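[1] Here's my sequence, what's the structure:
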Amino acid sequence: MKHSLSIVAFILITFAVQGLNHFVINAEHYANVEFARPEPVMALGFLTMIVQGSILTLALGYIAPMGARIKDAMIVSLSFGLFLGFYIAVTEPAKYAAPSVPGWIFTEGLASTIQFTLFGYVLGLIHRRFTKVPA
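    Predicted coordinates:
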């Protein structure tokens, strides 16, 4: 149950943060990205979120098999977030013609930081709910 809830939480948090980032707050930034699709393939996005959420919740279960604290979940989420976010924020504008490299790094870096910080906290709450480990 905790893994299913964690995956759903990852989808909701990712969709909220990245959706707001891409389609509301920084819509103009993304409209200027020439290599972006006019309409994203949402099914691939959801598949990615399911796989990523699964990896994160299972990693936390592996790292803290007797029960996870919020601190453990934050470490897992921020570690994976740094790994993924750094690639998206720094490598992509090195390979593609981003309209503004500093703008890209800032926008993607901030969104990834918010996404994985929020998810780490929620992941910890979910895992803690199903164990008797103190906060």
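[2] which parts of the helix or strand of the chain with the lowest mean pLDDT are buried?
    Ranking every helix and strand in the chain by mean pLDDT, DSSP states H and E puts helix 27-31 at the bottom, with a mean of 75. Across helix 27-31, burial judged by 16 or more other CB atoms under 10 Å covers 29, 30. To be clear about C-beta, it is placed using only N, CA and C from the backbone, and glycine gets the same treatment.
[3] just checking, what packs against the helix or strand following that helix?
    As assigned by DSSP states H and E, the chain's next helix or strand after helix 27-31 is helix 42-63. The helices and strands touching helix 42-63, judged by 3 or more CB pairs under 8 Å, 6 or more residues apart in numbering; DSSP states H and E, are helix 2-20, helix 70-86, helix 101-129.
[4] looking at the ones you listed, which is closest to residue 49?
    Taking CB to CB, helix 2-20 is the member of the helices and strands packed on helix 42-63 nearest to residue 49, at 4.6 Å.
[5] So for that closest one, mean pLDDT?
    Per-residue pLDDT values over helix 2-20 give a mean of 92.
[6] the inter-axis angle of it versus helix 42-63?
    130 degrees (axes from the mean of the first three to the mean of the last three CA atoms, to 10 degrees).
[7] Can you tell me what sits against helix 2-20?
    Contact partners of helix 2-20, identified using CB atoms under 8 Å, 6 or more residues apart in numbering, comprise 46, 49-50, 52-54, 56-58, 60-61, 111, 114-115, 118-119, 122-123, 126-127, 129-130.
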